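Student: Below is the structure, and that's it, no one-letter string:
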């Protein structure tokens, strides 16, 4: 049975801590996180993964999102790392073929549409600063294929 995934959403001002992955010829950003192991709670998993991937310890501010798709649970915790500076760690499950290639503080305007959509689904709109930004976007259609017409 798939127990799901848990991740941390860490923000500083208008920046979000993201981990850059390179896999199957694709590069993408996502939140630090990973699969829930036997005997772990989703919270334990999220903060273990934050430490493994970004080499920082975090504290849980709150659970901001639980998404269920095909019996797969994805938990997102809003985390605080204080003044610690993240650095690229590793994914112990991918030691022979590393997929983590970077750790960076990203602003929404420096992420592709797909990665931004992922963040909104993870509960980014529950963070006041980002909710205000979302409110400022207006009603224009910005779906990528619509812009090409």
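Tutor: Looks like it arrived, so ask away. Quick caveat: nothing in here was measured; it's all calculated off a predicted structure.

Student: Tell me which other helices or strands the longest helix seen in the chain touches.
Tutor: Taking DSSP state H as the criterion, the chain has its longest helix at helix 42-54. Under the contact definition 3 or more C-beta pairs under 8 Å, 6 or more residues apart in numbering; DSSP states H and E, helix 42-54 sits against strand 5-12, strand 15-23, strand 33-35, strand 59-69, strand 72-80, strand 100-106. Backbone N, C-alpha and C define where each C-beta goes, glycine included.

Student: Buried residues, the longest one. List them.
Tutor: Meaning strand 59-69. For strand 59-69, a neighbour-count test (16 or more other C-beta atoms under 10 Å) marks 63-65 as buried.

Student: same thing with stretch 13-23?
Tutor: Buried-residue list, stretch 13-23, by 16+ other C-beta under 10 Å: 16-21.

Student: Distance to residue 82 and pLDDT for those - can I get that in CSV?
Tutor: CSV is the format used below for those (distance: C-beta to C-beta, whole Å; pLDDT from 0 to 100):
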residue, distance to residue 82, pLDDT
16, 16, 97
17, 12, 98
18, 18, 97
19, 19, 95
20, 23, 93
21, 25, 89
